[in-house]
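Student: Below are the sequence and a predicted model for it; my questions follow.
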Amino acid sequence: MCNPATGRWVDLPPHPEVPPGGRIFARLAFDPAVSSHFHVLQFKDSQQKEYVTGVNIYSSQTGAWICRESRLAEKISLFTGLASVFFHGMLHLHGLLYPMNMEDDVVLVAVDMDGQVWNTIRVPSGGLSFGRIRLSQGCLHYATTPLATDDKKKKKRKKKKKQKKKENTSTVWCMKDYDSKEWVLKHSVSNDELRSITGVDYKVAAFHPDRDTIFLDSYDVDTLVSYDMQHRKFHRIHSLRGNRATLFVPYVPLFSDSFAGADGQ
């Protein structure tokens, strides 16, 4: 693990073996406002079972791994290419109910740091529109973005008029009460409005941690912009060119010297 503010690395001990033919991917669970300790979660499945079967969890406090089997009531395949969020002591990441329906089966999977509590949270978008989860202003946020123009044309032939209207709108939702798991619509903007201002299609890339601002990544011109949801204003930040990324994460300084190791240092 690396502290990007200092460039210092912490070595982790070898993790448990991966099942033959299986895959495994890791996520970091870390909140510097609560503790300098962190967890690494390595979710696993197998070729025979295309849904999550368990997780290996490393704790910087104990310096050891624990293995836990999945306690999800449903079979869920996890998205390996999307960001995760550590909130309320649980790691949240995108999943898809298995077998795939491709319409309204996108969920958030939440697991605690002991691997004992597993929950699923329905996302407000329902289907496979481009979704992002992040923390902003102390609440869990979820944003949906219409698919790129070419993909939309194909889908329009198969969807009803009501569905087409929904697909052409980007939305931002907030979970103000985490215990209720209820999403509240915070902002929406039509694709036509976005295109009339910018001339191109954009997708939500990230959230500002303290403001009603989202960051947008263009599909075509490789430009990163900010969008002030309250005042509906755009600001061009940077031309990405060859530095285009799949995931964008806002930089938040960590003022401690490094991630805490097993000895607490």
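Tutor: That came through fine. Treat the numbers as computed from the prediction; the structure is a model and nothing was measured.

Student: What's opposite the nearest residue to Gly89 once chain neighbours are set aside in the beta bridge?
Tutor: What sits nearest to Gly89 in space, not counting adjacent residues and going by CB to CB, 6 or more residues apart in numbering, is Asp112, at 5.9 Å. Every C-beta, even on glycine, is put in place using the N, C-alpha and C of the backbone. Beta-bridge pairing of Asp112 under DSSP bridges involves Met90.

Student: Was I right to think Asp112 contacts His92?
Tutor: No. Counting by CB atoms under 8 Å, Asp112 does not reach His92; the two are 11.0 Å apart.

Student: the more surrounded of those two?
Tutor: Between Asp112 and His92, His92 has the larger neighbour count (other CB atoms under 10 Å), namely 24 against 17.

Student: just checking, what packs against the helix or strand hosting the more buried one?
Tutor: For His92, the host element (DSSP states H and E) is strand 90-97. Counting contacts by 3 or more CB pairs under 8 Å, 6 or more residues apart in numbering; DSSP states H and E, strand 90-97 packs against strand 23-30, strand 76-78, strand 85-87, strand 106-112, strand 118-122, strand 130-136.

Student: Out of the ones you listed, flag the one nearest Ser218.
Tutor: Taking CB to CB, strand 130-136 is the member of the helices and strands packed on strand 90-97 nearest to Ser218, at 13.0 Å.

Student: Can you list the strands that the closest one pairs with?
Tutor: strand 139-145 (antiparallel).

Student: and the partner strand with strand 90-97, angle?
Tutor: 30 degrees (axes from the mean of the first three to the mean of the last three CA atoms, to 10 degrees).

Student: quick one: the strands in the stretch 151-265 of the chain?
Tutor: For the stretch 151-265 of the chain, applying DSSP state E, counting those that start in this stretch gives strands covering 169-175, 184-190, 202-207, 213-218, 223-228, 233-239.

Student: neighbouring contacts of stretch 225-232?
Tutor: Applying CB atoms under 8 Å, 6 or more residues apart in numbering, the external contacts of stretch 225-232 come out as 172, 186-187, 189, 198, 202, 208, 211-216, 218, 233-237.

Student: Out of those, which end up buried?
Tutor: Among these, those buried by neighbour count (16 or more other CB atoms under 10 Å) are 172, 186-187, 189, 198, 202, 208, 212-216, 218.

Student: Can I get the strand holding His92 in CSV? Just the C-alpha atoms.
Tutor: C-alpha atoms of strand 90-97 as CSV (Å, rounded to 0.1, in the frame of the first residue of the first chain):
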residue,chain,number,x,y,z
MET,A,90,-18.4,-1.1,5.3
LEU,A,91,-17.0,-1.3,1.9
HIS,A,92,-19.5,-0.6,-0.9
LEU,A,93,-19.0,-1.6,-4.5
HIS,A,94,-21.0,-2.3,-7.7
GLY,A,95,-22.5,-5.7,-8.3
LEU,A,96,-24.9,-7.4,-10.7
LEU,A,97,-27.5,-10.0,-9.8
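
Student: mean confidence for it?
Tutor: Mean per-residue pLDDT for strand 90-97: 91.

Student: Under the pLDDT cut-off, which ranges of the stretch 151-265 of the chain? List them.
Tutor: 151-168, 198, 219-221, 242-247, 250, 252-265 (pLDDT under 70).

Student: now the stretch 1-150 of the chain
Tutor: Residue ranges of the stretch 1-150 of the chain with pLDDT under 70: 5, 18-23, 46-49, 99-104, 125-130, 146-150.

Student: ok, so of the buried ones among the contacts of stretch 225-232, who is nearest Gln42?
Tutor: Ranked by distance to Gln42 (CB to CB), the buried ones among the contacts of stretch 225-232 are led by Phe215 at 28.7 Å.

Student: Give me the distance between the closest one and Val40.
Tutor: In this view, Phe215 and Val40 are 26 Å apart by CB to CB, to the nearest Å.

Student: any idea how far Leu240 is from Phe30?
Tutor: 27 Å.

Student: higher neighbour count, the two?
Tutor: Between Leu240 and Phe30, counting by other CB under 10 Å, Phe30 is the more crowded of the two (19 against 15).
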